[in-house]
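**Student:** take a look and give me a structure for this.
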Amino acid sequence: MAQIGIRFYRSLNDFIAPALTDTEIIHHFERKASIKDMIESFNVPHTEVEQISVNGAPAGFDYIVQDGDRIEVFPAGENASTKLALQLRPPLSQPPQFVVDSNLGRLARYLRLLGFDCLYRNDYNDDTVARIASEQQRVVLTRDRSLLRRKIVTHGYFVRADKPKIQTREVLQRFALFSLIMPLTRCTHCNGVLAETGKNRIEHRLEPLTRRYYDQFLLCPGCNRIYWQGSHAIRIKQLLAELAGAGP
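**Tutor:** Numbers count the residues shown, from 1 in each chain. Purely as a prediction, here's the structure:
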């Protein structure tokens, strides 16, 4: 029976059994396996992996594990070593575009509030999320490990936190998004890009006090919702204040 030593570093230990964290795991196996399959047999999604070292040399996901290999696996978003330069996946667009599974609706709303392109519907199933991610090169945000293990999902992140605001901070940190925040540029309801509109065009839809005190408005071309500084400015300021402690 073949044997390898494998070690997972830093945040990848979130996925493996406590007894196996921060140590080299001696693992026995019989059948031929790629290093991607070997990593995921420890419940670590491939989307969480940034770099792999086999016997001190960089390796890709398609490497076939050999008897006696010593494997080190490093997480995405954390520099492992300047010696390991092999890219496991294409680079992300900047800012990244997201697709969020059906259990993270509040996270999607907060990300849109901060100006990020974030597809979400509460009737998206895993097949739909994976397909959208593959076809549009979007990052999957989920708390479902099995979704991230799908082969067609190239970029993804397992959201650790339970509370939406903490989840938002977590995503901003993981993808270094603080400098890319552009509040009130996307519709929080449908993700459409907001456009300026003349007050005379939408005046008949406004409440009397809004019509009296505000003159600048934005309109979503997708769902026709109207936005103005009074409607979201306070919430945005509160959200940014809560997130500021984690930002640069």
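**Student:** domain parsing of the chain, as residue ranges.
**Tutor:** 2-75, 98-246 (automatic domain parsing).
**Student:** neighbouring contacts of the helix or strand of the chain with the lowest mean pLDDT?
**Tutor:** The least trusted helix or strand in the chain, going by mean pLDDT, DSSP states H and E, turns out to be helix 229-243, with a mean of 76. Applying C-beta atoms under 8 Å, 6 or more residues apart in numbering, the set of residues contacting helix 229-243 from outside is 110, 113-114, 165, 168-169, 172, 178, 181, 183-184, 188, 210, 213-214, 216. Where you see a C-beta, it was placed from the backbone N, CA and C, and this is true even at glycine.
**Student:** which among the residues you listed gets closest to Pro58?
**Tutor:** Leu172 (29.0 Å; C-beta to C-beta).
**Student:** not counting sequence-adjacent ones, nearest residue to that closest one?
**Tutor:** Excluding the flanking residues, the one nearest Leu172 by C-beta to C-beta, 6 or more residues apart in numbering is Phe178, at 5.6 Å.
**Student:** Ser53 now?
**Tutor:** Glu72 is the one closest to Ser53 (C-beta to C-beta, 6+ apart), at 4.2 Å.
**Student:** contacts made by the one helix or strand Leu218 maps to with the rest, please.
**Tutor:** Per DSSP states H and E: Leu218 is located in strand 217-219. For strand 217-219, the external contacting residues (C-beta under 8 Å, 6+ apart) are 184, 194-199, 201-202, 225-228.
**Student:** repeat that with 7 Å
**Tutor:** 184, 194-197, 199, 202, 226-228 (C-beta atoms under 7 Å, 6 or more residues apart in numbering).
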